[in-house]
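Undergrad: Requesting a structural model of the entry that follows:
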Amino acid sequence: MKITELGIILTIILLTILLPSFTNEPGMTISQSYNIDSLGACQGVSNQNGKIFMYGDREVGMIREYKMEGDSLLYNNKEMKLTLNDTDVINHPTGIAYHDNNPVFLGNSIRLNKEGTLWRAVIYCIDWQGLQRTGTLDGNLLNTIDDDTCIQGTRPEYVQYKKKWYVATADYGDKANEVRLYDPSLLKKAKKTSEKGVLYKKFTCTPWVQNLYWMADKGILVLIQNQIEGRKWRFTYVDLEKSIAEGKQSVIKVIDIDRSDELEGFTFLNNKYTSGIAVTSSRKNNVNMININW
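TA: Presented below is the predicted three-dimensional model:
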């Protein structure tokens with residue numbers, strides 16, 4: 001075999017190995033931005049089988065339901081107030097953990113001082129169907145769990161690891177940040193997350209995680225982040241299994257978007273992961289349609 005032929009063969013083999021790592025990395029751009037009112041400061045978004053739930057901290061914590069029609073996001077005239085006996089309970093909702101018939105959990109991250117050095121994080125197990133039906137937590141609040149294992153805040157999201165589903169959450173601060181996996185069967189009955197067996201696995205991660213999104217068929221966890229405290233957009237795609245094995249985030253790709261406001265949440269809109277919605281706490285352009293190229 002001639003040297004030139006060998007070089008060509010080696011080049012083809014090398015490209016075969018390397019090309020997937022480039023073509024399978026996402027690129028994200030904003031295609032449209034909307035002003036969606038009545039959310040207060042929007043704190044996140046959840047896509048559940050085509051129903052789009054956005055949650056915020058208006059005069060009370062609340063969730064509103066929307067749907068996509070073409071490129072338009074339409075309100076479904078359904079609102080849920082996170083109150084119990086007319087008292088605001090989940091005043092700052094920071095995550096909805098929903099997956100099929102598993103228990104549904106809502107997060108609440110409560111700042112206890114102006115400096116943001118003291119936090120109380122609470123996870124609530126709720127009757128999700130009942131909350132949608134009645135519009136309040138009355139009769140639908142199943143358990144209140146003190147997330148005392150957290151470092152700063154809580155933001156629950158279901159993930160799958162070793163063929164079992166867990167509730168993942170993450171910290172927002174700039175020191176000792178972690179992603180933690182809780183056993184949902186134990187979490188739903190616990191009074192605090194430090195109880196034996198509730199915490200299953202954890203790994204360290206970069207700062208300012210506002211929310212999480214699980215890409216089940218890819219094994220990828222998206223950390224929805226700020227680049228600095230309360231400002232600028234960042235999406236960090238991590239390999240969950242490798243991250244757990246290594247004890248620290250195993251990064252596939254980091255995407256920064258040139259927006260100066262506070263990114264709060266994100267969800268994909270289809271199982272091809274080609275479009276999504278990113279939400280912020282801003283009064284203007286708080287809902288943004290995202291195009292994703294792989």
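Undergrad: Any regions of the stretch 1-150 of the chain where pLDDT drops low?
TA: 1-24, 115-117 (pLDDT under 70).
Undergrad: any chance you could map the helices in it?
TA: 3-23, 128-134 (DSSP state H, counting those that start in this stretch).
Undergrad: So what touches stretch 54-62?
TA: Stretch 54-62 is contacted from outside by 36, 38-46, 63-64, 66, 79-83, 88-93, 96, 108, 279, 281, 287, using CB atoms under 8 Å, 6 or more residues apart in numbering. In short, each C-beta sits where N, CA and C put it, glycine included.
Undergrad: ugh, typo on my part, it should be stretch 70-84
TA: So stretch 70-84 is contacted by 32, 34, 36, 38, 51-52, 60-68, 88-91, 93, 106, 131-132, 135-138, 141, 277, 287, 289 (CB under 8 Å, 6+ apart).
Undergrad: Buried ones among those?
TA: 36, 52, 60-66, 68, 88-91, 93, 106, 131, 135-137, 141, 277, 287, 289 (16 or more other CB atoms under 10 Å).
Undergrad: Inside strands: which ones of the residues you listed?
TA: Judged by DSSP state E, the buried ones among the contacts of stretch 70-84 include 52, 61-66, 68, 88, 93, 106, 141, 277, 287, 289 as members of strands.
Undergrad: Tell me which two in those are the farthest apart.
TA: For these, the farthest-apart pair by CB to CB is 141 and 289; their separation is 33.6 Å.
Undergrad: Report the mean confidence score over stretch 181-201.
TA: The pLDDT scores in stretch 181-201 average 98.
Undergrad: Name the residues that touch that stretch?
TA: So stretch 181-201 is contacted by 97, 102-103, 105, 123, 125, 142-150, 158-159, 161, 165-169, 180, 202, 244 (CB under 8 Å, 6+ apart).
Undergrad: From the opening residue of that stretch to its closing one, how far?
TA: 5 Å (CA to CA, to the nearest Å).
Undergrad: So which bits of it are buried?
TA: Quick answer for stretch 181-201 (16+ other CB under 10 Å): 181-184, 187-188, 190, 193, 195, 198-201.
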